[in-house]
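S.K.: Curious how this folds, go ahead:
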Amino acid sequence: MARRLAVVAAILLVAPACRQRVDGNALSDQAACSALDSLLATAGPGARSMSGEAVIDVDQFRFRGRFRLDTTTAGDAVIELGGSTLFGGHREDVVVSLAADTLRVFDRERGRLYEGETVDDLIWDGTRAHADWTRVVADVLAAPVRCEGFRDVVLDGDGARGALARGPFRIVTEGGRVTRATWPDPIEGSNFDDQLEVRYAWRGAELAEITAILPTRGWRVRLRATK
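M.R.: Presented below is the predicted three-dimensional model:
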């Protein structure tokens, strides 16, 4: 049970953290959220579909398989995963959906649906980790931000930087595209000195790869599009 459930936590995971310099033009609250939404609308993945190979490594859980990702400009998303674990050869067929700030997980292999607090319970069973998994999914997908706790946000020629209650964040753009982001450690009550790092690779105007890691824990999720 715990082994197969770790795939969900890995899916929900996803640039170096730096000390924040307070700027006279820094934004907070709704103004900060609006600025970040504008940045992500022009430079982020936006509405798109991609499919290809999925690699998930979380503790002893090692998953290899296929994925399909569909996102909207409003921040809704559906991630489908199908494959098997390297150890034990367990079959996995999971759908994770994010809609209207509600996270749902449907285990199609076993016919079970999880929503809200039951998603957190599901992930806890597999990883002993609690987090705001809805926000983690949105952060990994560079979706429009939930306007909670943003302060000292500064937009510059390379993206944006600012702070949340848990620590600093940074979004980096290159050539008009988001290429990496760093968010504070999403795991609640953690004793690890960790952070959520996400890398985005582009092939022209097409998103080619998303890689999300918690480097100290060694957790990794990679979604790589194939033609």
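S.K.: CA only for contacts and neighbour counts going forward, please
M.R.: Fine.
S.K.: Not counting sequence-adjacent ones, nearest residue to Arg166?
M.R.: Nearest residue to Arg166 in three dimensions, chain neighbours excluded: Pro184, at 5.9 Å (Cα to Cα, 6 or more residues apart in numbering).
S.K.: do the same with Arg48
M.R.: Among residues not flanking Arg48 along the chain, Thr71 sits closest, at 5.5 Å (Cα to Cα, 6+ apart).
S.K.: Count the residues that sit near that neighbour.
M.R.: When counting by other Cα atoms under 10 Å, one arrives at 20 neighbours for Thr71.
S.K.: cool, and Arg112?
M.R.: Using other Cα under 10 Å, Arg112 is surrounded by 10 other residues.
S.K.: For the residue lying closest to it once chain neighbours are set aside, give me its contacts.
M.R.: In this structure, Arg112 finds its nearest non-sequential neighbour in Phe106, 5.8 Å apart by Cα to Cα, 6+ apart. Contact partners of Phe106, counting by Cα atoms under 8 Å, 6 or more residues apart in numbering, are Val94, Val95, Val96, Arg112, Leu113, Tyr114.
S.K.: what's the distance between the last one and Arg104?
M.R.: Between Tyr114 and Arg104 the computed distance is 6 Å (Cα to Cα, to the nearest Å).
S.K.: for this structure, what spans make up the helices?
M.R.: All helices of the chain, identified by DSSP state H, fall at 2-11, 29-43, 117-127, 133-140.
S.K.: any idea how far Ala31 is from the residue nearest the centre of the chain?
M.R.: Geometric centre of the chain, nearest residue: Val140, 2.2 Å, by Cα atoms, centre = their mean. To Ala31, Val140 is 22 Å away according to Cα to Cα.
S.K.: Same check on Met50?
M.R.: Counting by Cα to Cα, the separation of Met50 from Ala31 is 32 Å.
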